[in-house]
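[1] Output the structure for:
(one chain, ligands or ions: 2)
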Amino acid sequence: MLSLVPNPAPNSSFASSEMVDSSKVHLHEAYCKRNRIKCEICQKFYDKEEEEEHAELNEKVECEFCKKDFMNDQFETHQMICD
Ligand SMILES: [Zn+2]
Ligand SMILES: [Zn+2]
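    Ligands and ions are numbered 1, 2, ... in the order given. Have a look, this model is predicted:
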């Protein structure tokens, strides 16, 4: 009989409501540990496969208006409010 338990991977960025077949939990957890990496810079989780793309998001950009440094992914938002 299959019993479903909540996704136990604590570092997963998947929705916590995600249900995983309990017989595959350890496999799933292993997968998450192997493939989800926590970024030291922005503390976000990213897929191992997306390491390069993620690194780009964390590149620093200087705002030409206020001369502050921003990470790429924050800069877009910043540009809308800084002038
Ligand atoms: Zn990051
Ligand atoms: Zn600015």
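[2] from here on, contacts and neighbour counts on C-alpha atoms
    OK.
[3] how about the closest residue to ligand 2 within the chain, secondary structure?
    Relative to ligand 2, the nearest point of the chain is C66 (4.0 Å; C-alpha to the ion). On the three-state scheme (DSSP: H, G, I helix; E, B strand; the rest coil), C66 is labelled coil.
[4] Find the residue closest to it in space, skipping its chain neighbours.
    C82 (7.5 Å; C-alpha to C-alpha, 6 or more residues apart in numbering).
[5] Give me the buried positions along the strand or helix carrying Y31.
    Here Y31, judged by DSSP states H and E, is contained in helix 25-35. Of the residues in helix 25-35, 25, 28-29, 32, 35 count as buried by neighbour count, 16 or more other C-alpha atoms under 10 Å.
[6] Same check on stretch 63-79?
    Going by neighbour count (16+ other C-alpha under 10 Å), the buried part of stretch 63-79 is 70-72, 75.
[7] Point to the residue nearest the middle of the protein.
    F45 (2.6 Å; C-alpha atoms, centre = their mean).
[8] what's the spacing between it and N35?
    Taking C-alpha to C-alpha, to the nearest Å as the measure, F45 falls 10 Å from N35.
[9] can you check K48 too?
    Taking C-alpha to C-alpha, one finds K48 at 5 Å from N35.
[10] And K60, by the same measure?
    For K60, the distance to N35 equals 25 Å [C-alpha to C-alpha].
[11] Among the buried residues of stretch 63-79, which ones are in strands?
    70-71 (DSSP state E).
[12] tell me the phi and psi of the residue nearest to the centre of the chain?
    Main-chain torsions, F45, degrees, to the nearest 10: phi -100, psi 140.
[13] just checking, it touches K38?
    Yes - between F45 and K38 a contact is recorded at 4.4 Å, counting by C-alpha atoms under 8 Å.
[14] Name the residues of this protein found near ligand 2, please.
    By the rule C-alpha under 5 Å from the ion, the part of the chain lying against ligand 2 is 63, 65-66, 82.
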